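Q: when you get a sec, could you give me coordinates for this:
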Amino acid sequence: MKTESILEKVITSGNLALTSECGPPRGTSSEKVIEKAKMLKGYVDAVNVTDNQTAMVRMSSLAACVFIKQLGMDPILQMVTRDRNRLAMQSDILGAYAHGINTMVCLSGDHPYFGDHPMAKNVHDIDSIQLVQMVKDMRDKGKFQGGDDILNPPKMFIGAAANPFADPFELRVARLAKKINAGADFVQTQCIYNLDKFEKWMEGVRDRGLHEKIHILAGITPMKTAGMAKYMKNRVPGMDVPDEVIKRMSGVPKEKQADEGIKISVEAIERLKAVEGVKGFHLMAIEWEEKVPEIAEKAGLLPRPEFGN
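A: Take a look at the predicted model:
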């Protein structure tokens, strides 16, 4: 065990892990965060808290993580390199760990052009892979990136993202290897609809023995409507939604499409359970957190193992 992270304990115990996601509010009230988190309590091992997702200003991930931690849950701090330089990131990591937050995911972040402040400058003092390396050195060497010693280093369980579907596909496995070499302990993948392509990516991962060096959590996002499926296929970069999925969603009455989307997600989880190297699932029910317990139940992922904080 590298850390006291509940997620690490679940994975190393041999159980399939289950994480979910919570987006902080666009304001100062903690009520929305707490409301969303309570829907997930007891049904997942840990909850990702997004960091100004889609480049829209929101309550900080760190603040929202603290509220979730106070509920007795295990938050996962997401941190993007878009908004902070390395001083600010290291400072926030120390603050998070001081509040008992010991799991994080290192990301680049969406370009400001797509958000509500298109005039904002990208920081990217370091990239997401360098952020992984920096957090690892803080944990394992007890050193700031500048070389000074850290008093009581933050023992973070370090995550990253992986997109098996981005172009060029041939470089996707090599990209994962770079994150492993930098120090990532686990990855959460882009949401998976093209199961065949994901399984092909996993073949490449296994061919290089990478599945034995990192814990892979397969991304699952239930679709509410056929329109959502079409939007994700045509408008979301790096997303691979096969035509047969859209056809299936469109083939049921509108009032039954949400149920069909949940069914597709459950079927995907059942199939991916059998893929060697998949250590769990990251269930991203976008503004649909109330459906996470139902999906987890139908997919046979309940009850969750219990470990003391």
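Q: so where's the protein shaky on pLDDT?
A: Applying pLDDT under 70 to the chain flags residues 308-309.
Q: which residues of it fall in strands?
A: Secondary structure of the chain (DSSP state E): strands at 17-22, 46-49, 75-80, 103-107, 157-162, 186-191, 215-220, 278-283.
Q: and the angle from the fifth one to strand 17-22?
A: It stands for strand 157-162. 70 degrees (axes from the mean of the first three to the mean of the last three C-alpha atoms, to 10 degrees).
Q: how about residues contacting strand 157-162?
A: If you take C-beta atoms under 8 Å, 6 or more residues apart in numbering as the criterion, strand 157-162 is touched by 2-3, 5, 7-8, 76, 102-107, 128-129, 132, 135-136, 139, 172, 175-176, 179, 183-190, 216. The way it works is simple: take the backbone N, C-alpha and C, and place the C-beta from them, glycine included.
Q: so where do the helices sit in the stretch 1-150 of the chain?
A: 6-12, 31-40, 61-69, 86-98, 128-140 (DSSP state H, counting those that start in this stretch).
Q: so for Glu294, which of the strands of the chain sits nearest?
A: strand 278-283 (10.8 Å; C-beta to C-beta).
Q: relative to the closest one, what are the paired strands and their orientations?
A: In the sheet, strand 278-283 lines up against strand 17-22 (parallel), strand 215-220 (parallel) (DSSP bridges).
Q: how far is the last one from where the chain is centred?
A: Using C-alpha atoms, centre = their mean, to the nearest Å, the distance from the centre of strand 215-220 to the centre of the chain it belongs to is 8 Å.
Q: just the first one next, same as before
A: For strand 17-22, the distance between its averaged C-alpha position and the chain's averaged C-alpha position is 7 Å (C-alpha atoms, centre = their mean).
Q: what residues sit buried inside it?
A: Ala17, Leu18, Thr19, Ser20, Glu21, Cys22 (16 or more other C-beta atoms under 10 Å).
Q: ok, the fourth one touching Val44?
A: Yes. Applying C-beta atoms under 8 Å, one finds Ser20 in contact with Val44, separated by 4.5 Å.
Q: now for the two: what residues contact both?
A: Common neighbours of Ser20 and Val44 (C-beta under 8 Å, 6+ apart) are Leu283, Val292.
Q: which residues in the stretch 151-300 of the chain form helices?
A: Going by DSSP H, counting those that start in this stretch, the stretch 151-300 of the chain shows helices at 172-182, 195-207, 226-235, 243-250, 257-272, 292-298.
Q: dump those to TSV, plus mean neighbour count.
A: Below are those laid out as TSV (neighbours: other C-beta atoms under 10 Å):
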stretch	mean neighbour count
helix 172-182	17
helix 195-207	17
helix 226-235	16
helix 243-250	16
helix 257-272	19
helix 292-298	19
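Q: with adjacent residues omitted, what lies nearest to the spatially most central residue of the chain?
A: Nearest residue to the geometric centre of the chain (C-alpha atoms, centre = their mean): Gln188, 4.7 Å. Leaving aside its sequence neighbours, Gln188 sits nearest to His282 (C-beta to C-beta, 6 or more residues apart in numbering; 4.1 Å).
Q: what about that neighbour, how many residues nearby?
A: Using other C-beta atoms under 10 Å, His282 is surrounded by 29 other residues.
Q: so what's it bridging to?
A: Beta-bridge pairing of His282 under DSSP bridges involves Thr19, Gly219.
Q: I'd say it and Glu21 touch.
A: Yes. At 7.4 Å, His282 counts as touching Glu21 under the criterion of C-beta under 8 Å.
Q: need the residues touching each of those two.
A: Asn48.
Q: contact partners for the closest residue to Pro237 other than its chain neighbours?
A: Closest residue to Pro237 apart from its sequence neighbours, by C-beta to C-beta, 6+ apart: Ala166 at 7.9 Å. Counting by C-beta under 8 Å, 6+ apart, Ala166 touches Arg172, Gln190, Pro237, Gly238.
Q: residues near Lys38, how many?
A: Lys38 has 13 nearby residues by other C-beta under 10 Å.
Q: ditto for Ala161
A: Ala161 has 18 neighbouring residues, counting by other C-beta under 10 Å.
Q: bridging residues for it?
A: Counting by DSSP bridges, Ala161 forms beta bridges with Gln188.
Q: circling back: just the buried ones from the contacts of Ala166?
A: Neighbour-count burial (16+ other C-beta under 10 Å) is assigned, among those, to Arg172, Gln190.
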